[in-house]
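**Student:** Take a look and give me a structure for this.
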Amino acid sequence: MKIRLLAAALVAASLSATAVAEPVTYTIDPSHTQIAFTYSHMGFSNITGRFDSTEGMLTYDPENPTASSIEITTQIASVSTGVAKLDEHLKNADFFDAGNFPTATFKSTKVEAAGEGKLSLTGDLTIHGVTVPTSFDVTINKSGDHPMVGKPAAGFDATGSIDRVAFGIDKYLQATGPAVHLAVTIEAIAQ
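**Tutor:** This next block holds a predicted model:
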């Protein structure tokens, strides 16, 4: 009898260990996710804005990061710099042209371990109707049970830079230059 109980306990433990090692799919929490961008204004200041409407899914496997992936979409009309006139200008045809290109998307193509608590993320970023391969350095903030919702959760920060000209956004380069720095923080809850 003791041998059967021990065998059953070992099988249950091995199944639990297997379940922990499986990738988990999470829904991005738009209330705790931010996409921020920064660009130089004539070298005098560094203007920062953000997008306030983001959604998506990610799969994360801490045991095998290469099995992880992300798809995220942001609504261009949600751009916010804290300056209403600038927000409207960014939405028009000089920049994002939100009427014709209402969303920006990122879909990962490769995830690699990059050291303790770090990942290298590559994927296809689509802005202004143009898709450009883009890479991000990712910090794994935390994964575990979320104390407020009682479900598994994961959080990440990612940074990268893009050349806005590559996306066909090339007005006013003399004022802002082509480089735009991105900083993303994501909190996601298991489905």
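**Student:** The host helix or strand of residue 175 packs against which elements?
**Tutor:** If you go by DSSP states H and E, residue 175 is part of helix 173-176. Helices and strands touching helix 173-176, as assessed by 3 or more CB pairs under 8 Å, 6 or more residues apart in numbering; DSSP states H and E, comprise strand 34-41. For the C-beta atoms, the positions are set from N, CA and C on the backbone; glycine is no exception.
**Student:** can you list the residues that contact the strand it packs on?
**Tutor:** 46-51, 54, 74, 164, 175-177, 179-185 (CB atoms under 8 Å, 6 or more residues apart in numbering).
**Student:** Any idea how far the helix or strand that it is followed by is from the middle of the chain?
**Tutor:** Note on strand 34-41: by DSSP H and E, the next helix or strand toward the C-terminus is strand 45-51. On the basis of CA atoms, centre = their mean, to the nearest Å, strand 45-51 sits 17 Å off its chain's mean C-alpha point.
**Student:** one step back: distance from the helix holding residue 175 to the middle of the chain?
**Tutor:** Mean-position distance between helix 173-176 and its chain equals 27 Å (CA atoms, centre = their mean).
**Student:** Tell me which residues of the following helix or strand past that helix come out buried.
**Tutor:** Using DSSP H and E, the helix or strand that follows helix 173-176 towards the C-terminus is strand 179-190. By neighbour count on 16 or more other CB atoms under 10 Å, the buried set for strand 179-190 is 180, 182, 183, 184, 185, 186, 187, 188, 189, 190.
**Student:** And the pLDDT at the spatially closest residue to the fourth one that is not a sequence neighbour?
**Tutor:** Nearest in space to residue 184, with sequence neighbours left out and distances taken as CB to CB, 6 or more residues apart in numbering, is residue 158 at 4.4 Å. Looking at residue 158, its pLDDT reads 98.
**Student:** Next: residue 20.
**Tutor:** In this model, residue 20 carries a pLDDT of 52.
**Student:** Alright, I will stop here.
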